[in-house]
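Engineer: sequence and predicted structure below; questions after.
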Amino acid sequence: MDQRDDGQGELRFEDGMAALEALVARLESGELPLEEALLAFERGVALVRALNERLLAAEQRVEILMRGADGRLSLRPAEDNET
């Protein structure tokens, strides 16, 4: 398994954030030609969406952990209908 891979063929959150930060730095430098800047922007938007989905999934999982029926914390995977 690649260390940038989460085991499911997806980019790890931390690596996605690093890639997004690098894209922002390139865009902020003002040195990219227009077409490259547009491609970088599109890639950045895609990264933001993917990272936001992962954060939402993690937030929902944490909510499930805190809502144990007996009031205790329990670890169980979120069901598809719970996310």
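Structural biologist: Arrived safely.

Engineer: residue 71: neighbouring residues, count only.
Structural biologist: Residue 71 has 8 neighbouring residues, counting by other CB atoms under 10 Å. From N, CA and C alone the C-beta is placed, and that goes for glycine too.

Engineer: so what's the residue count around the nearest residue to residue 48 once chain neighbours are set aside?
Structural biologist: Distances taken as CB to CB, 6 or more residues apart in numbering place residue 20 nearest to residue 48, at 6.7 Å, with adjacent residues excluded. Other residues near residue 20 come to 18 when the count uses other CB under 10 Å.

Engineer: which SS class is residue 20?
Structural biologist: Per DSSP: H, G, I helix; E, B strand; the rest coil, the secondary structure class of residue 20 is helix.

Engineer: pretty sure it sits against residue 51.
Structural biologist: Yes. Using CB atoms under 8 Å as the test, residue 20 is close enough to residue 51 to be in contact (7.0 Å).

Engineer: got the contact list for residue 32?
Structural biologist: Applying CB atoms under 8 Å, 6 or more residues apart in numbering to residue 32 gives the contacts 26, 40.

Engineer: mind running it again at 6 Å?
Structural biologist: residue 26 (CB atoms under 6 Å, 6 or more residues apart in numbering).

Engineer: did I read that right, it in a helix?
Structural biologist: No. Counting by three-state DSSP, residue 32 is located in no helix; its state is coil.

Engineer: any idea how far it is from residue 12?
Structural biologist: Distance, residue 32 to residue 12, using CB to CB, to the nearest Å: 26 Å.

Engineer: quick check on the closest residue in space to residue 27 that isn't next to it in sequence: phi, psi?
Structural biologist: In space, residue 27 comes closest to residue 40 once its chain neighbours are excluded; the distance is 5.6 Å by CB to CB, 6+ apart. Here is the backbone geometry of residue 40 (degrees, to the nearest 10): phi -60, psi -40.
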